[in-house]
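1. Starting from these lines, generate the structure:
(one chain, ligands or ions: 1)
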Amino acid sequence: MRKPMVAGNWKMNGTKQSVGELLAALKEQITHVSDVEVAVFPPYVLLGQVEQLLAGSLVSWGAQNLDIHTEGAYTGEISAHMLKDFGCTYVLVGHSERRALYHESNELTVEKYRVAIAAGLSPIFCIGETFEERKKEKTYEVLSAQLLGILSSQENLASLKNAVIAYEPVWAIGTGLTASPEMAQDVHQKIRFWVAERDKHIADGLRILYGGSVKSDNAKSLFAMPDVDGGLIGGASLKAHDFLGIVKSCSSF
Ligand code: PGA
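-> Here you go, the predicted structure:
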């Protein structure tokens, strides 16, 4: 049985003040929730504050990115070990904004996944197709290329038991357009099938999150799909009321 997860990707948003307010509200509500895992992904500079505020709570945290090097002369970068030092459980890898705006290739993304696993972090490995690619019926082709480096390596495949996959159609991110529950289910089922072809046990336990304009009014129908194990939430994770509404969609609290 997979425990659903609701993860809030704050992107480049938040101040010391807004984080204090948001986390106070989350902590107050998420006290006895055991049927869903909640995690937040603040910008690097807020991780210390988040660690302090969330230590001992039921909410986990992670970073939005990491570098592949361990330490040294890489100005502006942050390593997996630094993230561990700040109590991170998770790290986002391959978010479409990293792929599109910072030119992160499929190869680099898989390397980041590997480095995260080696450091004891759980990567949330993000994949998704653009609108053009969907229109040309290339969705599966694009997703399988993004996953290739993981599925084709026995070691990376085995480490999926410590990872999460997020399917985020690029055309749905921040646009207000959401994949229909059936559309999301179709892709999630396919992803699980690809993993199951190699290892059924890992596929059965693998959490696959949906991301892209998830709001409290569409979350319930998306999360009701058998292969949708929760969501990666951008815009709606910045307001406690909206984010908690989404958490409630897959929890009985
Ligand atoms: P959105 O972002 O919920 O604002 O569409 C999702 C994401 O980028 O993870």
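
2. which bits of the stretch 1-150 of the chain sit near the ligand?
-> Selection of the stretch 1-150 of the chain residues close to the ligand by CB under 6 Å from any ligand atom yields residue 9. Yep, even glycine has a C-beta here, placed from its N, CA and C like the rest.

3. With the stretch 151-253 of the chain instead?
-> By CB under 6 Å from any ligand atom, the residues of the stretch 151-253 of the chain that approach the ligand are 168, 173, 174, 211, 212, 213, 214, 232, 233, 234, 235, 236.

4. Now whichever residue of the stretch 101-250 of the chain sits closest to the ligand: closest residue in space, sequence neighbours ignored.
-> Distance from the ligand to each residue of the stretch 101-250 of the chain (CB to the nearest ligand atom) is smallest for residue 234, at 2.2 Å. The shortest distance from residue 234 to any non-neighbouring residue, by CB to CB, 6 or more residues apart in numbering, is to residue 9 (5.2 Å).

5. So what's the residue count around the one you found?
-> 26 (other CB atoms under 10 Å).

6. OK, contacts around it?
-> 41, 64, 92, 95, 211, 232, 233, 234, 237 (CB atoms under 8 Å, 6 or more residues apart in numbering).

7. All the helices of the stretch 151-253 of the chain, in order from the start?
-> Listed in chain order, the helices of the stretch 151-253 of the chain (DSSP state H, counting those that start in this stretch) span 154-158, 181-198, 200-205, 219-223, 240-249.

8. could those helices be laid out in a markdown table, adding mean neighbour count?
-> Conversion of the helices of the stretch 151-253 of the chain to a markdown table gives the following (neighbours: other CB atoms under 10 Å):
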| stretch | mean neighbour count |
| --- | --- |
| helix 154-158 | 13 |
| helix 181-198 | 17 |
| helix 200-205 | 14 |
| helix 219-223 | 21 |
| helix 240-249 | 20 |
